[in-house]
Structure formats: structure tokens, C-alpha cells
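A.B. asks: here are the coordinates; sequence isn't available:
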């Protein structure tokens, strides 16, 4: 018995309807890419079939043809990719929101690198292949005092290459530093994947330099790995080995010291009321042979792994076949070089967003908040207040450290629903819900977005 349920058109019929709009005009994308057009039509028919099964009315053929055209356009529409948001959470390095934005100069450098050919590995004078672009590495050498440097795709790759210096020998690590660095990746597993052997020393809460003596003396370990607790804290009855004493001990036995800083910082975080984050220069001066850290956290640039240290060890890393597998491409190198150049030019606090946010003063944030509220419709001002808040650095950096901040608090019924409407709006605004109200921390909102934030509130607050 035939079913009375409507059916979607066949793919062939839908394709005919789309082609009829173009005729013989070969300039139209659909005429130039028949395979892409067919794929889009199949997807539209599949969606229409599912909609009919769910009880929805059938869509007219011309409307389905329009959907095919839109689907083709969406595949290349920048707005159909990652959705930009206004981060009002107060977490500066928000991993789920892509961490901090890049400096505008780095964005322009990346755009130029992506838009054209470049002298990435070409000697202009000789007219043949030359050394790979080294500007980022030269900046790292100047900023850290290292003998040499190399850049990888992320700090996990940097650490893997550094641990590879031990070959199949042992790597001594304090039990208190056998941590998970994120994404389920753990230090013991990374050491094994590098082909080395893990040698555990000390205890979870207390490890001294003397604990490394035995494995270094009897040759069980030829490298020492220090892992800075950049994403966790230990308190109470704890002790960590002195960096200088440990380096002296390792070098006395012919071993090398690898220092993984995780986030890494090129400015003194203590100057902004935060705990002091060790810098790569400090760790090298304390005797580390190789230091690894990230380019996209406290450095504030694109995702990258940065390795600095002794020239002979960096040269060995550069010759490692794995180094080629994890080397960054031209866009990352261009953006990173510009970001590091801002440090050398003394413009980090004004031009690098992560440091601009860290350095923002509460009184400045309060003035901005009052201006946003003043721009609201009179009916909304009673619901929106300017109040003190607490921000965090986030992104696996400076755990437990906070900054005094100021933001907007939207009170009234339905805080969770209001937060949802803000996330779904244009632009999307991500805040946090606390105490039955929506909190929008201005420390992580770019001042250029204050007007857009005001507009978003006007649109969704009821």
C-alpha cells in the first residue's frame, strides 16, 4: 500500500533545478564544480528526508535549490568556521576559547606570510636554497641569553625532542613532577615514547638534589628532567631541589639538565601582583642545558614549542628526524617572530593582548564598565551593575593566582537562560553565572569590543 508521506526530490531532479538557474553561464561556481554541486545536493536531500521523517512539511523544490547554493557558499565562508566570541569570563588564557588573541602586528605578519611566496628557505643573494627562516630563533637567543634556539609546533613536541637527547639512557625525574600536562599526556609516557628510560627519584611531596646522586653516579640516568608545576600547586610539607645545586650535581656526573617550564614567561609576573613565574633566562643562568616552553600562553603568540639552550644540544635536536615532523610552517614562524620582536622593542605591555590584560588596572576597568552601562537603554540600567570581580590567568599558567578585576553583573530572573542567549547572539558573549546573576569580567574584553558588548546586552536582556 503506497504511503501518503511526502518524499524529497531525487538528487538528479534537485541538480536540474539548481542548474536551471545558471543556464550556460560558466562563470557560476556550480557550473565549474559539478562534483561539489552533487555532494551539496545529496546532503540537502538527506537532511530533507530526515526532516520529513520527523513530521515536518516538505520543502518546495526552489527552496531546496537555494539551500544547495547556500551550502556551497558555507563551505568557503569564513563565518562558517570558528566563531569569534567576546571572552567575558575573566580567564585570560581560556583554553576552550582559543587562549589569548594574537598581537595585531603578528596577525598582519601571518596574513602577509599566508598571502604570498616568501624567502622561507631561500638565499636571495646566491639564488638558491638557503637556511630556514631564523628570525624567531634569533629573537629567542637575544631574549633568553641562550646559545641557540629552535621552534616546534607546540611545547609537547619541544619536550619530546629535548628528552630524546638522552637516547635510550635514563632520565631522572622527581616523583613530584611526574605530572599530566594536559589532554591526557603524561610525563612518564612522553619519556617512554622518546625511547628513554624513566628513573624516579624522591617522593611525591619532597625531593632534594641529593636524591639524584645515586642514579647519576651509577649511570642509570644521563639526563635530569625538571618539570615546572605550571598547571598545579603543592602546599604544606613540600620541598623541591634547588635548581643551581641540581645542575651542578648533574654536570659533575656528565649529565644534562632539561628544564620544562610549560607556559613560560618572558616578563616578571611578580611585577603585576602575581607569583613569580621562572623565566627561561633564569633557568639557563641556574645551569639548565635546555629549556622548553610554550609560545601561545604567557608569551602571547601563536601555538608553538620553544627550545633554548646549549648550541651543541640544540644542533643535535635540529638533526633529529622528528624535528622535521614537528617543525612549524611559515605563518606560525612569521607571527611568532613578530610577537617576540615586540618584547625586544619594549612593546609587550601595550601590544601583546595577554600582557595588556594582565596589566589592566581595576580603576581603568571600572571606567569602562560605567561607560558600557551608560550606553544602555534606561530600562536596562537598573539590572546591570559595575562590580569588583576576580580574574585568573588560566591556560595552565600560574595556578591559584588571581587578579583584582571589575566587570558587569546582570541580575534578575533566568541568569542561566540569559547567559545562553548571550552565547547564541551576534557577537557571541561568554560570561559566567554566579549567585543567580551573569558576570561579565571586563579584564578579558578588548576595549574595542565594549560597544559590541553593550549592543549584545541591549539585544538579549529582557
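C.D. replies: Yep, it's here. Source: prediction; values computed, not measured.
A.B. asks: drop to CA atoms for contacts and neighbour counts, all remaining ones
C.D. replies: Noted.
A.B. asks: does residue 267 really touch residue 281, like I thought?
C.D. replies: No - applying Cα atoms under 8 Å as the test, residue 267 and residue 281 come out as separate, 10.4 Å apart.
A.B. asks: Have a look at the two and say which one is more surrounded.
C.D. replies: residue 281 (21 against 18; other Cα atoms under 10 Å).
A.B. asks: Settle this for me: that one is touching residue 141, isn't it.
C.D. replies: No - Residue 281 is beyond contact range of residue 141, at 9.6 Å (criterion: Cα under 8 Å).
A.B. asks: residues shared between the contacts of those two?
C.D. replies: Overlap between the contact sets of residue 281 and residue 141, as judged by Cα atoms under 8 Å, 6 or more residues apart in numbering, is nil.
A.B. asks: how many neighbours does residue 299 have?
C.D. replies: Residue crowding around residue 299 was assessed by other Cα under 10 Å; the count is 25.
A.B. asks: Next, it: secondary structure please.
C.D. replies: Of the three states, residue 299 takes coil according to DSSP: H, G, I helix; E, B strand; the rest coil.
A.B. asks: Residue 406 now?
C.D. replies: Following three-state DSSP, residue 406 is assigned to strand.
A.B. asks: so residue 122 bridges to which residues?
C.D. replies: In this structure, residue 122 has the following beta-bridge partners (DSSP bridges): residue 129.
A.B. asks: List the contacts of it.
C.D. replies: Residue 122 is in contact with 128, 129, 130, 131, 132, counting by Cα under 8 Å, 6+ apart.
A.B. asks: swap the cut-off to 10 Å and go again
C.D. replies: Going by Cα atoms under 10 Å, 6 or more residues apart in numbering, residue 122 touches 128, 129, 130, 131, 132, 133.
A.B. asks: could the residues you listed be laid out in TSV, adding pLDDT?
C.D. replies: As requested, the contacts of residue 122 are arranged in TSV below (pLDDT from 0 to 100):
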residue	pLDDT
128	92
129	93
130	87
131	86
132	89
133	91
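A.B. asks: May I see the buried residues of the lengthiest helix in the chain?
C.D. replies: In the chain, with assignment by DSSP state H, the single longest helix is helix 34-53. Neighbour-count burial for helix 34-53 flags 37, 38, 40, 41, 42, 44, 45, 48, 49, 52 (criterion: 16 or more other Cα atoms under 10 Å).
A.B. asks: which one of those is nearest residue 178?
C.D. replies: Checking these against residue 178 by Cα to Cα gives residue 40 as the nearest, at 49.3 Å.
A.B. asks: what about that closest one, distance to residue 225?
C.D. replies: As for residue 40, its distance to residue 225 is 52 Å (criterion: Cα to Cα, to the nearest Å).
A.B. asks: Out of the contacts of residue 122, which comes closest to residue 189?
C.D. replies: Of all the contacts of residue 122, residue 189 sits closest to residue 132, with 31.4 Å by Cα to Cα.
A.B. asks: For the residue lying closest to that closest one once chain neighbours are set aside, list the residues it contacts.
C.D. replies: For residue 132, the nearest residue in space outside its immediate sequence neighbours is residue 121; the separation is 4.4 Å by Cα to Cα, 6 or more residues apart in numbering. Taking Cα under 10 Å, 6+ apart, we find residue 121 in contact with 128, 129, 130, 131, 132, 133, 134.
A.B. asks: Buried only: go through the residues you listed for me.
C.D. replies: Looks like the contacts of residue 121 have 133, 134 buried, using 16+ other Cα under 10 Å.
A.B. asks: and the contacts of residue 121 as CSV, adding distance to residue 149?
C.D. replies: Supplementary listing: the contacts of residue 121 in CSV, determined by distance: Cα to Cα, whole Å:
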residue, distance to residue 149
128, 24
129, 21
130, 18
131, 14
132, 13
133, 12
134, 9
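A.B. asks: Pull the most distant pair out of the contacts of residue 121.
C.D. replies: Maximum pairwise distance among those (Cα to Cα): 16.7 Å, between 128 and 134.
A.B. asks: ok so, going back, looking at the contacts of residue 122, which one is closest to residue 446?
C.D. replies: Ranked by distance to residue 446 (Cα to Cα), those are led by residue 133 at 32.1 Å.
A.B. asks: dump the residue contacts of the closest one.
C.D. replies: Taking Cα under 10 Å, 6+ apart, we find residue 133 in contact with 118, 119, 120, 121, 122, 330, 333, 334, 337.
A.B. asks: same thing but at 7 Å, please
C.D. replies: Residues near residue 133 by Cα atoms under 7 Å, 6 or more residues apart in numbering: 120, 121.
A.B. asks: Then residue 190?
C.D. replies: Contact partners of residue 190, counting by Cα under 7 Å, 6+ apart, are residue 160.
A.B. asks: Make sure it is indeed in a helix.
C.D. replies: Yes - following the definition three-state DSSP, residue 190 is counted among the residues of a helix.
A.B. asks: hmm, who's touching the helix or strand harbouring residue 281?
C.D. replies: Using DSSP states H and E, residue 281 sits within helix 280-285. Helix 280-285 has contacts (Cα under 7 Å, 6+ apart) with 144, 145, 264, 291.
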